[in-house]
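**Student:** A predicted structure for the sequence below; I have some questions about it.
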Amino acid sequence: QVQLVESGGGLVQAGGSLRLSCAASGRTFGHYAMGWFRQAPGKEREFVAAITWTGDTTYYADSVKGRFTLYRDNAKNTVYLQMNSMKPGDTAVYYCAADRSGYIHYVVGDYDYWGQGTQVTVSS
């Protein structure tokens, strides 16, 4: 069992930056791939980024590629999403998720554990 707690959300102006954190409980955190998804009002939850259990491979949605960076610190049981050059279209609730397979997936249903979400709002 893994419990995930996101933090770092807030209000930022367009062009600004935020760093989201996802702290995980459980001794096997290092074996899980981690992903970030987001959900805007009235829209489906969409993939943002994911990282393998080793941290050596990442994958990003086209909409955030070059602006967002995902990395993890297994010693701290934490994964981070650095968001730069933010746009109003990035406004959403951001969710952290864990995948027992250890490998990158892009589909909501492939993830086993979810956090409660953190709100990110980008003003124009």
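**Tutor:** Happy to help now that I have it. Quick caveat, the model's predicted, so the values are computed rather than measured.
**Student:** contacting residues for the residue nearest the centre of the chain?
**Tutor:** Among the residues of the chain, the one closest to the centroid is Trp36, at 2.5 Å (Cα atoms, centre = their mean). Contacts for Trp36 were tallied using Cβ atoms under 8 Å, 6 or more residues apart in numbering; they are 20, 22, 48-50, 70, 81, 94-97. For the C-beta atoms, the positions are set from N, CA and C on the backbone; glycine is no exception.
**Student:** Tell me where this protein has strands.
**Tutor:** 4-7, 10-13, 18-24, 33-39, 46-51, 58-60, 68-73, 78-83, 92-99, 113-114, 118-123 (DSSP state E).
**Student:** mind checking which of the ones you listed is nearest Val107?
**Tutor:** Nearest to Val107 among the strands of the chain is strand 46-51 (7.4 Å), distances taken as Cβ to Cβ.
**Student:** Not counting the closest one itself, show me its contacts.
**Tutor:** Residues contacting strand 46-51 (Cβ under 8 Å, 6+ apart): 33-39, 57-61, 64, 68, 70-72, 79, 81, 94, 99, 104-108.
**Student:** what angle separates that strand from strand 78-83?
**Tutor:** Here strand 46-51 runs at an angle of 120 degrees relative to strand 78-83 (axes from the mean of the first three to the mean of the last three Cα atoms, to 10 degrees).
**Student:** Tell me the strands beside strand 46-51, with direction?
**Tutor:** Strand 46-51 has its sheet partners listed here by DSSP bridges as strand 33-39 (antiparallel), strand 58-60 (antiparallel).
**Student:** Need the winner for burial among the ones you listed.
**Tutor:** Counting by mean count of other Cβ atoms under 10 Å, strand 33-39 has the highest mean neighbour count of these, with a mean of 25.
**Student:** I'd like the mean pLDDT over it, please.
**Tutor:** Mean pLDDT, strand 33-39: 97.
**Student:** Rebuild the strands paired with strand 46-51 as JSON lines, extending it with distance to Asp90.
**Tutor:** Shown next, in JSON lines, are the strands paired with strand 46-51 (distance: least, Cβ to Cβ, whole Å):
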{"stretch": "strand 33-39", "distance to Asp90": "8"}
{"stretch": "strand 58-60", "distance to Asp90": "13"}
